[in-house]
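A.B. asks: Here's my sequence, what's the structure:
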Amino acid sequence: MSDEQVFLRSKVIIEPLVDRFVAQPHTLAPIEAAMNLAFLHVPLLESYLQSPQVHVAASNNPELRGGYFINIAEERADEVRDLLSAIKQDRADMLRFAEAIAAGQELLRANATGFDLTPLYPKLPPELGGLVELAYDTNNQAQMRFMEPVIYKSPVYTEARQSVQLSFETGIERPFILSTPRLKSPDVLELDIPFRHAGLEELFKTRVRPTTLGHLREALELDDAQAAQLSTMLSARPSLAEDRHIEGGGRIRYFGHACLVLQTPEAAIVTDPFISADSTAGDRYTLDDLPDFIDLVLITHGHQDHIVLETLLQLRGRVGAIVVPRSSRGNLADPSIALMLKHQGFPVIEVDDFDEVEFPGGKITATPFLGEHCDLDIRGKSTYWAELAGKKIYIGADSSGIDPSLYRYVKGHLGTADYAFLGMECDGAPLTWLYQALLTIPVTKKMSNSRKLSGSNAEQAAAIMTELGAKEAYIYAMGEEDWLGHVMATTYTEDTYQIKQIDEFLAWCADRNIKAGHLFKQQEWRW
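C.D. replies: Numbering: from 1, shown residues only. Sure, this is the predicted structure:
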């Protein structure tokens with residue numbers, strides 16, 4: 001098989017890992033990664049080791065789905081203990097940096113009273129030296145601004161954390177990525193290489209063009225055992241869908257969650273790619289349905305269900321550029337998506353509101369994004385307006401209609417959309433669910449619950465549509481598809497508040513003769 005032409009099989013799952021936890025924005029961008037390692041993952045591992053059986057029981061309790069529990073059998077506790085020990089030893093620089101951030105914030109709270117901040121620099125922990133600037137806003141509130149590009153060159157960021165697991169889809173839902181580390185297993189191929197490694201690009205190109213096992217072995221630097229394991233994941237025939245390209249007009253395909261594929265014969269655009277190999281469901285689009293080349297990937301914001309490294313890595317080498325929103329530069333809660341992806345080997349275009357990016361036969365315009373980030377000062381978020389094949393498509397992601405007059409400006413600048421795609425996760429997780437590790441002052445449960453990761457409710461979605469005047473409206477599925485559980489960990493019934501809000505919005509649309517729908521699994525529009 002070493003010289004035989006082969007393709008990567010459809011059902012191969014990739015999990016990119018950092019210190020055995022699945023990589024996602026808050027564990028990959030170095031400042032947030034240090035905070036999450038020190039104040040979330042280390043305490044989580046310690047908690048598991050105190051009571052493994054409690055964690056396993058909680059992980060299997062449907063009412064606690066999405067909670068921070070480690071779903072690893074008690075007989076493997078020694079492996080978890082070894083992982084914790086290795087993190088404390090090998091990531092000491094990161095752990096000290098996280099502690100230094102907390103100490104620096106406390107220093108500012110106690111001493112920054114509106115007067116000159118220069119005397120505080122010598123009092124900062126040495127781990128912050130050269131990596132932060134102290135500054136006031138115009139209300140005399142002091143903050144640390146992080147030199148994020150410099151931090152990528154410091155010991156705080158290390159590719160030694162990174163590895164990749166390859167395995168086959170089993171039909172069993174994977175453990176929740178925010179809580180359960182991935183241990184080694186005989187049926188999993190371990191690749192101790194960084195995400196930007198050229199061999200990964202060569203491997204995943206074999207979904208669309210053949211190569212040989214010998215070439216992959218060399219590109220990935222595999223030993224005999226690894227090469228033998230990889231050979232089981234290869235096939236002599238491709239599994240690509242025959243209709244993955246179009247010959248005329250335009251097409252939109254819904255791939256699940258917030259992922260759309262917009263196509264003409266000349267170009268293809270993909271939004272928030274989240275395309276998992278999980279699930280045996282046949283009524284869905286998969287990686288096999290993607291066009292061979294993607295001109296632009298649009299990322300709306302930096303949450304783990306919108307920047308999905310396991311999908312993005314499989315597209316590297318097939319993408320012209322990834323379009324990302326510009327962050328606020330140096331804000332603890334707002335890492336640069338552009339920096340993060342560039343360091344993983346991706347070509348990136350960074351945009352601000354109303355910036356335009358052209359592609360063959362059309363263009364993308366970045367548009368404003370409100371809410372959904374627990375009222376934190378996070379600016380790395382964008383909705384998009386796509387123009388192709390004579391249609392205008394508004395890609396609203398999880399943006400909230402809390403101030404609908406904003407969308408009046410969008411319409412005034414860009415016109416009337418033919419299609420609007422909106423997110424209505426209107427009762428999202430509380431502040432501490434995702435951002436606890438970044439908070440250096442404790443917040444009450446009541447305060448946390450008042451600030452949620454929420455998109456639009458029925459009233460807000462209706463207000464967006466009123467201002468946009470879009471001709472059709474479609475609501476994303478909210479983690480309802482059965483292949484997304486390891487990332488979303490959501491459970492809905494017909495009586496769930498979010499579902500009722502979607503039904504209310506669809507009724508509002510029907511009363512006004514606006515074509516609308518609640519998306520699920522797969523859907524296609526052609527013109």
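A.B. asks: residue ranges for the helices of the stretch 1-150 of the chain, please.
C.D. replies: 25-28, 30-36, 42-50, 52-59, 77-90, 92-111, 148-151 (DSSP state H, counting those that start in this stretch).
A.B. asks: ranking these by burial, who's on top?
C.D. replies: helix 30-36 (a mean of 27; mean count of other Cβ atoms under 10 Å). C-beta: built from backbone N, CA, C; applies to glycine.
A.B. asks: can you tell which of the helices of the stretch 1-150 of the chain is closest to Glu387?
C.D. replies: helix 25-28 (28.6 Å; Cβ to Cβ).
A.B. asks: which residues make contact with that closest one from outside it?
C.D. replies: 18, 21, 32-33, 36-37, 41, 302-304, 307, 309, 335, 337, 340, 344, 434, 437 (Cβ atoms under 8 Å, 6 or more residues apart in numbering).
A.B. asks: State the three-state secondary structure for Tyr384.
C.D. replies: strand (DSSP: H, G, I helix; E, B strand; the rest coil).
A.B. asks: tell me the contacts of the residue nearest to it when sequence neighbours are not counted?
C.D. replies: Nearest residue to Tyr384 in three dimensions, chain neighbours excluded: Ile395, at 4.4 Å (Cβ to Cβ, 6 or more residues apart in numbering). For Ile395, the contacting residues are Leu260, Thr271, Leu298, Thr300, Thr383, Tyr384, Trp385, Ala386, Phe421, by Cβ under 8 Å, 6+ apart.
A.B. asks: what's the helix or strand bottoming out on mean pLDDT in the chain in contact with?
C.D. replies: Within the chain, confidence by mean pLDDT, DSSP states H and E is lowest for helix 485-488 among all helices and strands, at a mean of 92. For helix 485-488, the external contacting residues (Cβ under 8 Å, 6+ apart) are 66, 173-177, 257, 274, 276, 278, 304-305, 308, 478-479.
A.B. asks: Once you drop chain neighbours, what's closest to the residue nearest the centre of the chain?
C.D. replies: The centre of the chain sits closest to Ile307, judged by Cα atoms, centre = their mean, with a distance of 2.3 Å. Ranked by Cβ to Cβ, 6+ apart and with sequence neighbours excluded, the top spatial neighbour of Ile307 is Pro25, at 5.2 Å.
A.B. asks: Please apply the same query to Arg145.
C.D. replies: Gly330 (3.8 Å).
A.B. asks: In a helix, the one you found, correct?
C.D. replies: No. Assigned with three-state DSSP, Gly330 falls outside any helix and is coil.
A.B. asks: how much space is there between it and Pro442?
C.D. replies: 24 Å (Cβ to Cβ, to the nearest Å).
A.B. asks: Repeat that for Gly171.
C.D. replies: Counting by Cβ to Cβ - Gly171 and Pro442 are separated by 41 Å.
A.B. asks: Now do the strands for the stretch 301-450 of the chain: every range, in order, please.
C.D. replies: For the stretch 301-450 of the chain, applying DSSP state E, counting those that start in this stretch gives strands covering 319-325, 348-351, 356-359, 362-367, 383-388, 391-395, 419-422.
A.B. asks: Just send those strands back as a markdown table, with mean pLDDT and distance to Gly129 too.
C.D. replies: Compiled in a markdown table, the strands of the stretch 301-450 of the chain are given as follows (pLDDT from 0 to 100; distance: least, Cβ to Cβ, whole Å):
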| stretch | mean pLDDT | distance to Gly129 |
| --- | --- | --- |
| strand 319-325 | 98 | 30 |
| strand 348-351 | 98 | 28 |
| strand 356-359 | 98 | 38 |
| strand 362-367 | 98 | 36 |
| strand 383-388 | 98 | 39 |
| strand 391-395 | 98 | 42 |
| strand 419-422 | 98 | 46 |
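A.B. asks: Pipe the ones you listed into TSV and attach distance to Phe293 per row.
C.D. replies: As requested, the strands of the stretch 301-450 of the chain are exported to TSV (distance: least, Cβ to Cβ, whole Å):
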stretch	distance to Phe293
strand 319-325	7
strand 348-351	16
strand 356-359	11
strand 362-367	15
strand 383-388	15
strand 391-395	20
strand 419-422	23
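A.B. asks: Leaving out chain neighbours, which residue sits closest to Phe39?
C.D. replies: Ala437 (4.1 Å).
A.B. asks: In terms of pLDDT, where does that neighbour sit?
C.D. replies: Per-residue confidence (pLDDT) for Ala437: 97.
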